[in-house]
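Asks: Got a sequence here, can you model it:
(2 chains)
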Amino acid sequence: MTDMNEARLALVLRLADDHLILGHRVSEWCGHAPMLEEDLAMPNMALDLIGQARSLYQYAAELEGKGRSEDDLAYMRREREYRNCLLVERPNGDFAHTMLRQLYFAAFMEAYWTECLTSSDETIRAIAAKAIKEVAYHIRHASEWVVRLGDGTEESASRMAAAVEALHRYTGELFQSDAVTDAMAQAGVAPDPASLKPAFEQTIGPIFAAAGLAVPESDVGPRGGRSGIHGEEMGHLLAELQYMQRTYPGATW
Amino acid sequence: MVTTAQGTDAARAWEAAASVPDPEVPCVTVADLGILRSVDLDDDGTAVAKVTPTYSGCPATLAIEMAVEAALRDAGFEVRVERVLHPAWTTDWITEEGREKLREYGIAPPKKASNSIRALFGEEEVACPKCGSTETERVSEFGSTPCKAHWRCLSCREPFDYFKCL
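Replies: Now for the predicted structure:
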């Protein structure tokens, strides 16, 4: 039973880290987006992601039962302790990169949360019921941009193609199964990520087609996020994310 | 709406908590929005208010919990506010009265029956809260708060907020 609890905690932390790190990345656009509507859209989506992360961290803290709070988990861990996938920590790059990253993650999470609606875990069920509707907006927003840029000017199309080239290989990690996901799938808590590939492809396929983009045949690329091995950019991200709590531990206002 | 009235004190506690306005959309109360799930009295008389967040990242959640707590204290109760996640809040929890108040305030209320995700996007007919015309268009999916989208009316030319269907 302890193993099951450990697997559950590991799973919830992975999800929480995915959402926090992507939420932070998206928030970096605040004040820098190319137009006012997008400057509203980016922090709004960041809020959705960070809100989902909060619910997940609260649950993780409860499962851990060691008196750590959601803030401790979000702000006071070391880089190697974060279990987010590598896709979400990729730098924003240009708008094509940001929107494609958003589409990939949202398309994956929509499939993931759909399965979680019937989870044997009541809290995950509740978080999924909320998140799945928010993620639907993210897919719509990101897909509009992927189509607009992919099917736009020569310049925008080449940037979109470059984003696919750079980011598609990070999607393989999303579908990676291991002991944690196997245990959780068996217990009916969360889906086996490998099983979500068809749903993911069904979501992005028509969008790529409308954007005039080819879906790359291979999604094989760097992995390691689930065991805490991150890219160089992760440290820079955490330096900013954790700055306040590291400088003034326990600061509240 | 889930209310539990076990006598006048319980009813008074509900009244006090239910009258708290939403901090970002002050024309409606937390009861109108369906985010105040229940107020019960403990054996020792402590008022236990159950509040649910609207959107996962709604920054007003904490402010709402504090306002509910303050309202109950003002009414003379010891208070405990509990955050509940299930059943998940959807815009279908907004009462008819709440919808009407939103419209009068100039915010187009959300569509009913939001339970199918893809169906959320099937219909896009939003009536202008000012003139009632359905000749409207979406300017931006994301508006002044996480719960609203930015629309404009093509008949009376007024921009308006649309409370997003969730």
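
Asks: Pick out the residue nearest the middle of chain A.
Replies: A centroid search over chain A (CA atoms, centre = their mean) returns A:D18, at 4.1 Å, as the residue closest to the centre.

Asks: Please report how far it lies from chain B.
Replies: To chain B, A:D18 is 14 Å away according to CB to the nearest CB, to the nearest Å. (Glycine included, C-beta is placed from N, CA and C.)

Asks: which one is that residue nearest to, not counting chain neighbours?
Replies: In this structure, A:D18 finds its nearest non-sequential neighbour in A:N84, 4.7 Å apart by CB to CB, 6 or more residues apart in numbering or on different chains.

Asks: Around that neighbour, how many other residues sit close by?
Replies: Neighbour count for A:N84, taken as other CB atoms under 10 Å in any protein chain shown: 23.

Asks: before we move on, what about B:V48?
Replies: As a burial measure, B:V48 scores 17 neighbours (other CB under 10 Å).

Asks: Where does it fall, secondary structure wise?
Replies: Using DSSP states H and E, B:V48 sits within strand B:47-51.

Asks: Is chain A within reach of that strand?
Replies: No: judged by CB under 8 Å from any CB of the partner chain, strand B:47-51 makes no contact with chain A; its nearest approach is 13.4 Å.

Asks: Mind listing what's buried along the very next helix or strand once past that strand?
Replies: Counting by DSSP H and E, the next helix or strand C-terminal to strand B:47-51 is helix B:60-74. Buried residues in helix B:60-74, counted by 16 or more other CB atoms under 10 Å in any protein chain shown: B:60-61, B:64-65, B:67-69, B:71-72.

Asks: B:A149 falls within a strand, correct?
Replies: Yes: B:A149 forms part of a strand when assessed by DSSP: H, G, I helix; E, B strand; the rest coil.

Asks: Need the nearest residue in space to the closest residue to chain B within chain A, chain neighbours excluded.
Replies: Closest approach between chain A and chain B, counting by CB to the nearest CB: A:G51, at 2.5 Å. Spatial nearest neighbour of A:G51, excluding adjacent residues (CB to CB, 6+ apart): B:G57 at 2.5 Å.

Asks: residues touching that neighbour, list them.
Replies: A:46-52, A:54, B:146 (CB atoms under 8 Å, 6 or more residues apart in numbering or on different chains).

Asks: mind redoing it with 7 Å?
Replies: A:47-48, A:50-51, B:146 (CB atoms under 7 Å, 6 or more residues apart in numbering or on different chains).

Asks: Roughly how far does it sit from A:Y112?
Replies: 18 Å (CB to CB, to the nearest Å).

Asks: Kindly report the same for A:Y170.
Replies: As judged by CB to CB, A:Y170 and A:Y112 stand 16 Å apart.

Asks: try B:D92
Replies: Distance of B:D92 to A:Y112, given as CB to CB: 24 Å.

Asks: repeat for A:A185
Replies: A:A185 is 12 Å from A:Y112, where distance means CB to CB.

Asks: now swap in A:C85 and tell me
Replies: 12 Å.

Asks: just B:A88 next, same as before
Replies: Distance of B:A88 to A:Y112, computed by CB to CB: 16 Å.

Asks: Could you do A:M99 as well?
Replies: Applying CB to CB to A:M99 and A:Y112 gives a distance of 20 Å.

Asks: buried sites along stretch A:172-191?
Replies: By neighbour count on 16+ other CB under 10 Å, the buried set for stretch A:172-191 is A:172-175, A:180-181, A:183-185, A:189-191.

Asks: Taking those, tell me the two that lie furthest apart.
Replies: Within the buried residues of stretch A:172-191, two members stand farthest from each other by CB to CB: A:G172 and A:V189, at 23.0 Å.

Asks: Tell me the pLDDT of B:Y55.
Replies: We have a pLDDT of 84 for B:Y55.

Asks: Please report phi then psi for it.
Replies: Dihedral angles of B:Y55 (phi, psi; degrees, to the nearest 10) stand at phi -100, psi 150.

Asks: Just give the closest residue to it, not the sequence neighbours.
Replies: Leaving aside its sequence neighbours, B:Y55 sits nearest to B:P146 (CB to CB, 6+ apart; 4.9 Å).

Asks: show me what contacts the one you found?
Replies: Contacts of B:P146 by CB under 7 Å, 6+ apart are A:44, A:47-48, B:55, B:57-58.

Asks: thinking again about what came up before, same question for the strand holding B:V48, mean pLDDT?
Replies: Per-residue scores along strand B:47-51 average to 96.

Asks: Let me have it in CSV, keeping just the CA atoms, if that works.
Replies: C-alpha atoms of strand B:47-51 as CSV (Å, rounded to 0.1, in the frame of the first residue of the first chain):
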residue,chain,number,x,y,z
ALA,B,47,-20.6,28.3,10.9
VAL,B,48,-18.9,26.0,8.4
ALA,B,49,-19.1,27.6,4.9
LYS,B,50,-18.3,25.5,1.9
VAL,B,51,-16.9,27.4,-1.0
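
Asks: so what's the residue positioned nearest the centre of chain B up against?
Replies: Centroid-nearest residue in chain B, with CA atoms, centre = their mean: B:L33, separated by 2.5 Å. Contacts for B:L33 (CB under 7 Å, 6+ apart) come out as B:22, B:94, B:98.

Asks: So which of those residues is the closest to chain A?
Replies: Proximity of the contacts of B:L33 to chain A, judged by CB to the nearest CB, is greatest for B:I94, which lies at 14.6 Å.
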